[in-house]
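Chemist: show me how the following folds:
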Amino acid sequence: MTAERPFTSAIIVAAGSGTRCGGVAKPLIPLYKGKTVFSYVLEAFAACGTVDEIVVVCKDSSRFEPLLGGIPAVFAPGGSTRAASVYSGVRAASGQARFVCIHDCARPFIAPEDIRQVCEKAYKTGAAAACSPMRDTVKYSEPEKKVLFTPAREHLIAVATPQVFRKELYLAAYAAAQGGPEATDETTICERIGVPVAYVPLDSNNMKLTTAYDVKLAKAVCFLAESERKEREKG
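Modeler: Below you'll find the model as predicted:
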């Protein structure tokens, strides 16, 4: 923490079961030369300069501890849902924390500068989240697949993580959400209680690993990035 910014706790959510990746926990998947998804995320948060502590939410900390590589972290138990896991992480955060920076560990390519951008926006507004513009045409349909309308693409964004909130705002939103419809992220519960969220478009690759194909794509990205780095060193 510095005099210019508030104490911020990163909540890395790594408690998923990986059912759509063949039952393999996504954070522990090696992407390049044994370096795991979790390691990529951890290093980005350690280097971002706007995070004072890192809380890792997982089902078995003994599988993650050997991957810390000297980076200090606090562990919190995963919950039965994503929302419960995030709440567990926030509860484990330091009492000094004024902001929480929540990130899905299934997004391994988040860059330190991206984390800084979202944090700095949240410090000004109270709530901010990463996003990207929609590139596909999107249809709104009923359960029986009848298309009702096609939203204008220029008004749509895909919401991602990190998502950064003033801690008391998040806690109020989480409390209000109990007993209501399940939300897939924290921006949803904040907006339900009238908290506006600022959305920060990111230029870098912030893909999410959901399926086995995504993992193959991520491995290719790592290989190409390393090849480009070696070519630059030669030149």
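Chemist: for Tyr87, see how far away the residue nearest to Met207 when sequence neighbours are not counted is.
Modeler: What sits nearest to Met207 in space, not counting adjacent residues and going by Cβ to Cβ, 6 or more residues apart in numbering, is Phe109, at 6.3 Å. Any C-beta I mention is one placed from the backbone N, CA and C, and that applies to glycine too. Per Cβ to Cβ, to the nearest Å, Phe109 is found 26 Å from Tyr87.
Chemist: and the strands in the protein?
Modeler: Assigned by DSSP state E, the strands in the chain fall at 8-13, 30-32, 35-36, 53-58, 74-77, 99-104, 127-133, 140-141, 147-149, 157-166, 198-201.
Chemist: would a markdown table of those strands with mean pLDDT, mean neighbour count and distance to Gln117 be doable?
Modeler: Formatted as a markdown table, the strands of the chain follow (pLDDT from 0 to 100; neighbours: other Cβ atoms under 10 Å; distance: least, Cβ to Cβ, whole Å):
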| stretch | mean pLDDT | mean neighbour count | distance to Gln117 |
| --- | --- | --- | --- |
| strand 8-13 | 98 | 27 | 13 |
| strand 30-32 | 96 | 16 | 24 |
| strand 35-36 | 96 | 18 | 24 |
| strand 53-58 | 98 | 24 | 18 |
| strand 74-77 | 98 | 18 | 24 |
| strand 99-104 | 98 | 26 | 11 |
| strand 127-133 | 96 | 21 | 8 |
| strand 140-141 | 86 | 10 | 30 |
| strand 147-149 | 83 | 9 | 33 |
| strand 157-166 | 97 | 23 | 9 |
| strand 198-201 | 98 | 16 | 5 |
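Chemist: tell me the strands beside the helix or strand of the chain with the lowest mean pLDDT, with direction?
Modeler: Every helix and strand of the chain was ranked by mean pLDDT, DSSP states H and E. The lowest is strand 147-149, at a mean of 83. Strand pairing for strand 147-149, determined by DSSP bridges: strand 140-141 (antiparallel).
Chemist: and for Phe7, the neighbour number?
Modeler: The local packing of Phe7 (other Cβ atoms under 10 Å) involves 17 other residues.
Chemist: pretty sure it sits against Val100.
Modeler: No. Counting by Cβ atoms under 8 Å, Phe7 does not reach Val100; the two are 10.3 Å apart.
Chemist: on that earlier part again, roughly how far is the least confident helix or strand of the chain from the heart of the chain?
Modeler: In terms of Cα atoms, centre = their mean, to the nearest Å, the centre of strand 147-149 is found 31 Å from the chain centre.
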